[in-house]
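# just coords:
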């Protein structure tokens, strides 16, 4: 019996050694064929080495990621569970899963990669693009992606200070309150399908002096076919003269096809925007302000907001406030001002609990009652 155990042990040892040698040979071949760089191959070998037993605790999520992820395929995502109280809605208390995003991305060959982002609550592909990144100065994306317009639009919901996007951004950057929703019935999340070039220029020892983005888009929103024979154009330029302080502007010229009311035929309307943006990011303090203008079929619109955040306990607890002015029709002065205060508590890395209170002050021309709304959101990142 002892001999049998010895033979089995030697056989298993041989298999493990052979597998490790085979893996090393395979990685060497991939480097020779320029599928992997030598640095990437070394990192894979390092990850597969046995862990040292030095009383250091490896987090379980990290182990799971390492077990499933490779340079060619990385899984991730996040989930948002939200509670909402409103004193003006018929249903005052509401608790529901807001979204569950699953992402996949990876490198196919050196500087060629891909990204897929899908929602499982309301099943839909939100992002699907290929990217060629020969350098930091030039990246080329083709597919469905974020449009280069405003600073806030580039943020993931997991990075946003508040539960919801600012009303001005939501109304003028292809989100839930934009006329784009009339075209395809969706919150497009600031995304569209097209081709986009972007990059960072002039490195200043720890930060880049200039960032740019420029693209041509279909103008129909996410996962939607073309509605007209026109293409939309968007561009953004951001400067950072001092580390942490950025400012710049962005423009969007396009069209949207929708009906203004049930008794009016569907037609294509102009949909133009421009924005000025500024942002400061310090060790504990963060602030951002943006001024937007829009033209939807001859209706002039304007938005202006400012937000600030202070880290009470870095990477653990922060407090935030925001004031947002939005005018949905400058001819009639249909205005609203949203005042928001909130707090974020991070109980694990980028997993957090958010609490927001918003008071909305509507003008008579807007046609809505002033409201008090409380949001509480649980965020899991995996």
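Yep, that arrived. Keep in mind that this is a model prediction, so the values were computed, not measured. Numbering: from 1, shown residues only.
# C-alpha from now on. contacts and neighbour counts both.
Noted.
# Just the element for residue 168, please.
Assigned by DSSP states H and E, residue 168 belongs to helix 167-172.
# For that helix, which helices and strands make contact with it?
Helix 167-172 sits against strand 285-296, strand 299-313, strand 317-327, with contacts defined as 3 or more CA pairs under 8 Å, 6 or more residues apart in numbering; DSSP states H and E.
# who's in contact with that helix?
Contact with helix 167-172 is made by 152-153, 175-179, 273, 292-294, 302-305, 324-326, as judged by CA atoms under 8 Å, 6 or more residues apart in numbering.
# Now render the helices and strands packed on helix 167-172 as CSV, adding distance to residue 203 and mean pLDDT.
Below are those laid out as CSV (distance: least, CA to CA, whole Å; pLDDT from 0 to 100):
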stretch, distance to residue 203, mean pLDDT
strand 285-296, 22, 98
strand 299-313, 27, 98
strand 317-327, 30, 98
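# what would those strands look like in CSV with mean neighbour count and distance to residue 245?
Shown next, in CSV, are those (neighbours: other CA atoms under 10 Å; distance: least, CA to CA, whole Å):
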stretch, mean neighbour count, distance to residue 245
strand 285-296, 20, 10
strand 299-313, 19, 14
strand 317-327, 21, 19
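# Compile those strands into TSV and extend it with columns for distance to residue 114.
Putting the helices and strands packed on helix 167-172 into TSV (distance: least, CA to CA, whole Å) gives the following:
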stretch	distance to residue 114
strand 285-296	30
strand 299-313	33
strand 317-327	34
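# what about those strands, which gets the closest to residue 340?
Among the helices and strands packed on helix 167-172, strand 317-327 comes nearest to residue 340, with 5.0 Å by CA to CA.
# quick one, the helix or strand just after that closest one and strand 299-313 angle?
Using DSSP H and E, the helix or strand that follows strand 317-327 towards the C-terminus is strand 335-348. Relative orientation of strand 335-348 and strand 299-313, computed by axes from the mean of the first three to the mean of the last three CA atoms, to 10 degrees: 30 degrees.
# Run me through the strand neighbours of strand 335-348, direction for each.
According to DSSP bridges, strand 335-348 forms sheet pairs with strand 317-327 (antiparallel), strand 351-362 (antiparallel).
# For that strand, buried residues please.
For strand 335-348, the neighbour count (16 or more other CA atoms under 10 Å) marks 335-346 as buried.
# Repeat that for stretch 151-158.
For stretch 151-158, by 16+ other CA under 10 Å, it's 151-154, 157-158.
# Let's see the distance spanning that stretch from one end to the other.
The first residue of stretch 151-158 is 15 Å away from its last residue (CA to CA, to the nearest Å).
# Give me the contacts around the biggest strand by length in the chain.
Identified as the longest strand of the chain according to DSSP state E is strand 93-109. With contact meaning CA under 8 Å, 6+ apart, strand 93-109 is reached by 34-36, 70-86, 113-122.
# Kindly report the same for stretch 230-250.
By CA under 8 Å, 6+ apart, stretch 230-250 touches 147-150, 206-219, 251-255, 274-282.
# and if we set it to 6 Å?
With CA atoms under 6 Å, 6 or more residues apart in numbering as the test, stretch 230-250 has contacts from 148-149, 209-219, 251-254, 274-281.
# List buried residues within these.
Buried among the contacts of stretch 230-250 by 16+ other CA under 10 Å: 148-149, 209-219, 251-254, 274-280.
# now the buried residues of stretch 151-158 as TSV including secondary structure, distance to residue 106 and pLDDT?
Formatted as TSV, the buried residues of stretch 151-158 follow (DSSP: H, G, I helix; E, B strand; the rest coil; distance: CA to CA, whole Å; pLDDT from 0 to 100):
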residue	secondary structure	distance to residue 106	pLDDT
151	coil	25	98
152	helix	25	98
153	helix	23	98
154	helix	20	97
157	coil	21	97
158	coil	21	96
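# Turn these into CSV, including distance to residue 189.
Output for the buried residues of stretch 151-158, formatted as CSV (distance: CA to CA, whole Å):
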residue, distance to residue 189
151, 14
152, 11
153, 8
154, 10
157, 10
158, 13
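# right, and out of those, which lies closest to residue 228?
Nearest to residue 228 among the buried residues of stretch 151-158, with distances taken as CA to CA, is residue 153, at 24.8 Å.
# and that closest one, how far is that from residue 252?
Residue 153 is 13 Å from residue 252, by CA to CA.
# coming back round to it: could you turn the buried ones of the contacts of strand 93-109 into a PyMOL selection?
Those of the contacts of strand 93-109 that count as buried under 16+ other CA under 10 Å are selected in PyMOL with:
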select buried, resi 35+36+74+78+79+80+81+82+83+84+85+86+113+114+115+116+117+118+119
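# Can you flag which of the contacts of strand 93-109 belong to strands?
74-86, 113-119.
# now for the helices and strands packed on helix 167-172, which one comes closest to residue 132?
Of these, nearest to residue 132 by CA to CA is strand 285-296, at 30.3 Å.
# Report all helices and strands that that closest one contacts.
Packed against strand 285-296, as judged by 3 or more CA pairs under 6 Å, 6 or more residues apart in numbering; DSSP states H and E, are the following elements: strand 267-281, strand 299-313.
# domain assignment for the chain?
2-47, 63-381 (automatic domain parsing).
# Confidence-wise, which of those domains is weakest overall?
Looking over the domains of the chain, mean pLDDT reaches its minimum on domain 2-47, with a mean of 48.
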